[in-house]
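In: Sharing a model that was predicted from the sequence below.
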Amino acid sequence: MTVLAAVIALVGSLFFALGAALQQFEAVGTAKPGLLVLLRRPRWLIGGASILAGGGLHIVALGLGPLTVVQPMGVASLLFALPLAATLHNRKPERKELAAAGVVAAGLIGLVLLVPESDGPTHLDPDGVLTLLGVAGVAAVLLWAASKVASPAGRAALLATSSGVLYGATATLMRVLVDGEWNWLYLLALPVPALLALVMLQRAYAVGHFGVSFAALQIADPLTAVAFGALLLGEPVPTGVLPVVAALLTAAGTVALARTSPLETR
């Protein structure tokens, strides 16, 4: 079953990467990539369906195998996404670009494997929900503001990080709904960060540095979820030197991607 879980998770990563590449191809170069405009583009919608399929396969894989096997397979989406995006833009991915992505992936695998598993149900009271949305919202706005004065690669990274923070908040609310007590407040609050995250991500894609955007998203999303889990849900966090090394690897890889990832246009 473990081998099957790994295969399903790997296929899910491929679907997720394909969806991200398709959505970026449609959003890139758009001055204001609004959702209403993108929703009228079939290729962008196919990308969204592919992402949903990838997420569904990842959930199936988690039900069949251990987290330590499934989560690293999810990180492979970064390595799939770069060649797929390059193909859509009629180019070959550069070796330095793929090497930098490999460093990011290695750091991410280390981080996801070092996060201790939580035991017991999760609970978040209404004040905690407001704190979650408030902190995520302020962080996202600050990152968006900083992107206004950044270089193109920096702008892509900051906007994607903003999206990742909001997706991390969404993931935290989802965990409370699935693993904790049911509350209509969680369900009503869920679409707010999810939609804002989607908007920020399309703006990041519109800049053109897909590798940087996707890597920043892959890093910010799980790290934000871990941070919120520790601060609001009382979940354990990784300790010691290894998490620091893994974090430094992801940071170094992202910086290298910013230097090697080409500016893509349509």
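Out: Nice, I can see it.
In: What's the biggest helix in this protein, counting residues?
Out: Among the elements of type helix in the chain, defined by DSSP state H, the one spanning the most residues is helix 152-179.
In: could you say what helices and strands that one packs with?
Out: Helices and strands touching helix 152-179, by 3 or more C-beta pairs under 8 Å, 6 or more residues apart in numbering; DSSP states H and E, are helix 126-147, helix 184-189, helix 191-207, helix 210-233, helix 241-260. C-beta: built from backbone N, CA, C; applies to glycine.
In: could I get the ones you listed as JSON lines with distance to residue 103 and mean pLDDT?
Out: Conversion of those to JSON lines gives the following (distance: least, C-beta to C-beta, whole Å; pLDDT from 0 to 100):
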{"stretch": "helix 126-147", "distance to residue 103": "23", "mean pLDDT": "92"}
{"stretch": "helix 184-189", "distance to residue 103": "36", "mean pLDDT": "78"}
{"stretch": "helix 191-207", "distance to residue 103": "20", "mean pLDDT": "91"}
{"stretch": "helix 210-233", "distance to residue 103": "10", "mean pLDDT": "86"}
{"stretch": "helix 241-260", "distance to residue 103": "3", "mean pLDDT": "83"}
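In: which one of those helices is the most hemmed in?
Out: helix 210-233 (a mean of 24; mean count of other C-beta atoms under 10 Å).
In: now that helix, how far from the centre of its chain.
Out: Using C-alpha atoms, centre = their mean, to the nearest Å, we find the averaged C-alpha position of helix 210-233 to lie 6 Å away from the chain's own average C-alpha position.
In: tell me what it is packed against?
Out: Other elements packing on helix 210-233 under the criterion 3+ C-beta pairs under 8 Å, 6+ apart are helix 2-27, helix 77-88, helix 95-114, helix 126-147, helix 152-179, helix 191-207, helix 241-260.
In: JSON lines for these, including distance to residue 216?
Out: Shown next, in JSON lines, are the helices and strands packed on helix 210-233 (distance: least, C-beta to C-beta, whole Å):
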{"stretch": "helix 2-27", "distance to residue 216": "12"}
{"stretch": "helix 77-88", "distance to residue 216": "11"}
{"stretch": "helix 95-114", "distance to residue 216": "9"}
{"stretch": "helix 126-147", "distance to residue 216": "10"}
{"stretch": "helix 152-179", "distance to residue 216": "4"}
{"stretch": "helix 191-207", "distance to residue 216": "8"}
{"stretch": "helix 241-260", "distance to residue 216": "6"}
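In: Among the ones you listed, which comes closest to residue 57?
Out: Judged by C-beta to C-beta, the one of the helices and strands packed on helix 210-233 that comes nearest to residue 57 is helix 2-27, at 3.1 Å.
In: what angle separates that closest one from helix 77-88?
Out: Angle between the axes of helix 2-27 and helix 77-88 is 40 degrees (criterion: axes from the mean of the first three to the mean of the last three C-alpha atoms, to 10 degrees).
In: May I see the buried residues of helix 2-27?
Out: Along helix 2-27, the positions that meet the burial threshold by neighbour count (16 or more other C-beta atoms under 10 Å) are 5-6, 8-27.
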